[in-house]
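# starting from these lines, generate the structure:
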Amino acid sequence: MIDGFLIIIKGEITIMISVVIATYNGEKYIEEQLDSIKNQSIKPDEVIIRDDKSSDSTPKIVREYIKKNNLNNWNFEVNEENKGYKKNFYDLLKIAKGNFIFLSDQDDVWVNEKIRYTMDEFSNNPQVLALNTGIQLVDEKLNKIIVEPKKNFYNANFLYSEKKLEKLTFFKFEDLLRGNMSPGCSMCITAELRDKFVESYNFVLAHDWYMNFLASLDGGCAFFNKNLVKYRIHRGNAIGLSSKDDIRSKLLALHKDNQLRIRRTRELFETFQNISKNYTFDSQTEKNLRQYFKVRISFMEQPSLRNILRLRKLSNYYKLTTKRARLWDLIIAMHIDNLLVR
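Residues are numbered from 1 along each chain as shown. Next comes the predicted model:
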């Protein structure tokens, strides 16, 4: 029983809820986020905050906040060295004691019922290992940012799905190769998934995306189609929100970011190899994915009509890429992007 809320999952009645927060130079917004966690209708049993050696007043603000509000179950420390967000979250997850662990950024704001709604979904769907919720984009003053949805995209255009989303939609490993579904700050995971993450994470891909991949192996990666986080977009960080960019500017951006796209594909391949080394895939699925990555990387490094034909012959090419990505592949193969930067 937690604040009058009873949950029975997998035969367990007593549960513990953890929240982990990574901070770094977040003095401007951190208190609003701490308020939104403190004021949840269902209180977390522990909140663990680790600061990554901020150079601003973030540590002072957090310490004073905990003391002022007598939050005895909140724990705060400053790292001895700057670890980066991946290692900081890894270490936070490693020490969390909860059966269910919520991830939090430092500059967003949670809806007051975020924990309750999330735990309801876990209670009703015990197969879920990672639950990603919807987000509402907001500006620095928490005013809503309305984004025109792209075709087949949901969740402020973070999530790609060719099928219409249900209230709760499950995603397979292959689905996630097209992109993650929501920022990590919207995520809650089980301790079971955390243990697998701690055992196998290789710090290549972002921690939240990696955990979704792991959850998908057991059919436990889900998206809850309800906005429970106000996701703050900082000034100067709103790239990609406008749908009115002309085609030339988009092609120029594509040409400029091609090395980034190659690097991301290599990261996905390395992540797949690491997971397949530690967990069992269907043999045919594993064979198909290895072939796909080999041909995909070859095409990206040497784009040509010959190589795109090799890609298009693969049975899973259309399943693993969005329509937009396939259009970009054709543009690159024909070297149209090169014409625009001359």
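# hey, what's the spatially closest residue to Thr169 that is not a sequence neighbour bridged with?
Nearest-residue entry for Thr169: Phe223, 5.0 Å, with adjacent residues in sequence omitted and distances by C-beta to C-beta, 6 or more residues apart in numbering. C-beta: built from backbone N, CA, C; applies to glycine. Counting by DSSP bridges, Phe223 is bridged to Asn132, Thr169.
# OK, contacts around Phe223?
Applying C-beta atoms under 8 Å, 6 or more residues apart in numbering, we find Phe223 in contact with 131-134, 155, 159, 165, 168-171, 181-182.
# separation between it and Arg63?
As judged by C-beta to C-beta, to the nearest Å, Phe223 and Arg63 stand 36 Å apart.
# ok, Cys185 - how many residues close by?
23 (other C-beta atoms under 10 Å).
# and the protein, what are its domains?
The chain breaks down by automatic domain parsing into domains covering 17-232, 247-340.
# by mean pLDDT, show me the worst of these.
Note on the domains of the chain: domain 247-340 shows the lowest mean pLDDT, a mean of 84.
# pretty sure Leu330 is touching Leu309, no?
No - counting by C-beta atoms under 8 Å, Leu309 is not a contact partner of Leu330; they are 10.8 Å apart.
# mind listing the shared neighbours of those two?
Common neighbours of Leu330 and Leu309, using C-beta under 8 Å, 6+ apart, do not exist here.
# where exactly do the strands run in the stretch 151-300 of the chain?
Shown for the stretch 151-300 of the chain, the strands assigned by DSSP state E, counting those that start in this stretch span residues 153-154, 159-160, 168-170, 187-190, 221-232.
# a markdown table for the contacts of Phe223, including distance to Val229?
As requested, the contacts of Phe223 are exported to a markdown table (distance: C-beta to C-beta, whole Å):
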| residue | distance to Val229 |
| --- | --- |
| Leu131 | 12 |
| Asn132 | 10 |
| Thr133 | 7 |
| Gly134 | 8 |
| Asn155 | 11 |
| Leu159 | 14 |
| Leu165 | 17 |
| Leu168 | 17 |
| Thr169 | 18 |
| Phe170 | 20 |
| Phe171 | 19 |
| Met181 | 13 |
| Ser182 | 9 |
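# of those, buried ones?
Buried residues within the contacts of Phe223, counting neighbours by 16 or more other C-beta atoms under 10 Å: 131-134, 155, 159, 169-171, 181-182.
# any idea which of the residues you listed is closest to Tyr279?
Phe171 (16.7 Å; C-beta to C-beta).
# measure the spatially closest residue to the closest one that is not a sequence neighbour to Leu137 for me?
Leaving aside its sequence neighbours, Phe171 sits nearest to Cys221 (C-beta to C-beta, 6+ apart; 5.0 Å). Distance, Cys221 to Leu137, by C-beta to C-beta: 23 Å.
# more neighbours: these two, which one.
Using other C-beta under 10 Å as the criterion, Cys221 and Leu137 rank with Cys221 on top: 26 against 21.
# surely the more buried one meets Gln127?
No - in this structure Cys221 lies outside contact range of Gln127 using C-beta under 8 Å: 10.1 Å.
# helices along the stretch 1-150 of the chain, start to end?
Here the stretch 1-150 of the chain has its helices, by DSSP state H, counting those that start in this stretch, at 30-38, 58-68, 85-95, 114-124.
# these into a markdown table, with extra columns for distance to Arg266 and mean neighbour count?
Listed next are the helices of the stretch 1-150 of the chain as a markdown table, based on distance: least, C-beta to C-beta, whole Å; neighbours: other C-beta atoms under 10 Å:
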| stretch | distance to Arg266 | mean neighbour count |
| --- | --- | --- |
| helix 30-38 | 34 | 19 |
| helix 58-68 | 34 | 16 |
| helix 85-95 | 17 | 18 |
| helix 114-124 | 34 | 19 |
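# which one of the ones you listed lies nearest to Gln273?
helix 85-95 (18.0 Å).
# send the alpha carbons of that closest one over as CSV?
Output of helix 85-95 as CSV, limited to C-alpha atoms (Å, rounded to 0.1, in the frame of the first residue of the first chain):
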residue,chain,number,x,y,z
TYR,A,85,25.1,11.3,-19.0
LYS,A,86,25.4,7.6,-20.0
LYS,A,87,27.7,6.6,-17.1
ASN,A,88,25.8,8.8,-14.7
PHE,A,89,22.5,7.2,-15.4
TYR,A,90,24.1,3.7,-15.4
ASP,A,91,25.5,4.3,-11.9
LEU,A,92,22.1,5.7,-10.8
LEU,A,93,20.2,2.7,-12.1
LYS,A,94,22.7,0.3,-10.5
ILE,A,95,22.1,1.6,-7.0
